[in-house]
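Undergrad: Sequence first, then the predicted structure, then my questions.
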Amino acid sequence: MLGPRVLVAALGVPLLLGTAVKGGWWFLLLVMAVAFIGLMEFYRMAERLKVKPLIPVGLVGGLLFIIAAYFNNGPAAWPGLVLTVGMLVFFLALFPRMTPADVAVTILGSWYVGGLLAFLPLLRLLPRGVEILILTLIMTWANDTGAYFCGRLFGRRHPWPSLSPGKTWAGAIGGLMSTLAVAETFGQHLLPFFSGWVLAGWALLTSIAAQAGDLIESGFKRQAGVKDSGTILPGHGGILDRFDSLLLVAPVVYYYLAFFLTKME
């Protein structure tokens, strides 16, 4: 399985970094494509739990979060309002075929996938957004890589055996150390106006958010009784399996850096 994993990474990483550098519509469309597939994976898992999300509405809502945030140049609340009110109207129109659980899962999927992925284009729109986005991606990948190899080599204690038996304390620490190393090594060159302490805080939050995002998606999969969220990426699983970390990293890093950038103006 290592061969397909390496091949997908060799193709996917340059695509993601290239569109991140290009920015604009190129990156927006890529994030929307990722969100569309991720939403389908989320709702398919929900269906295994005997929930019936209104998938077309959830897809539109999730993509609307991304589009609205991009053109607003910041988080937009109105898509959530439109989605919530719309789903309540559908609940009345389809009663009793639609249950409150169906409504809740439809809204959750849109927020979880579309609402959180919307922060990736927003990172690109920050001052020095190219460098910020690239460094965020590299730190997230460094966390995943460090956690994987340190967990395999030194992992003994499993803090969440029922949730994700493969996760270990050694892996968590290895992911954090890898993220810190990348932040201090590349951050000083890409974003020299950030102090070492700001970069260290960025790395700490990135590592915590990435590992939490991975555990959250593991919980969804375990409840649904599936090993992977999908099969679109050979050797990796689904889109959510590859972007679960970034789902939490993107908003956490956005608000963290927006605070410091505002102070520097």
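TA: That came through, no problem.

Undergrad: pretty sure A210 is in contact with T140, am I right?
TA: Yes: in this structure, A210 sits in contact with T140. The criterion is C-beta atoms under 8 Å, and the distance is 5.2 Å. Every residue, glycine included, has its C-beta placed from N, CA and C.

Undergrad: Overlap in contacts, those two.
TA: T179, S245, L246, V249 (C-beta atoms under 8 Å, 6 or more residues apart in numbering).

Undergrad: CSV please, covering those and showing secondary structure, neighbour count and pLDDT.
TA: Listed next are these as CSV, based on DSSP: H, G, I helix; E, B strand; the rest coil; neighbours: other C-beta atoms under 10 Å; pLDDT from 0 to 100:
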residue, secondary structure, neighbour count, pLDDT
T179, helix, 30, 96
S245, helix, 26, 94
L246, helix, 25, 95
V249, helix, 29, 97
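
Undergrad: Quick check: the farthest pair among the residues you listed?
TA: The two members of those with the most space between them (C-beta to C-beta) are T179 and L246, at 13.2 Å.

Undergrad: tell me, what's touching these two both at once?
TA: Taking C-beta under 8 Å, 6+ apart as the contact rule, the neighbours common to T179 and L246 are T140, A210.

Undergrad: and F243, what is it in contact with?
TA: Contacts here follow C-beta under 8 Å, 6+ apart; on that basis F243 touches V34, G38, L117.

Undergrad: what about 7 Å?
TA: Contacts for F243 were tallied using C-beta atoms under 7 Å, 6 or more residues apart in numbering; they are V34, G38.

Undergrad: now it: how far from A104?
TA: To A104, F243 is 22 Å away according to C-beta to C-beta, to the nearest Å.
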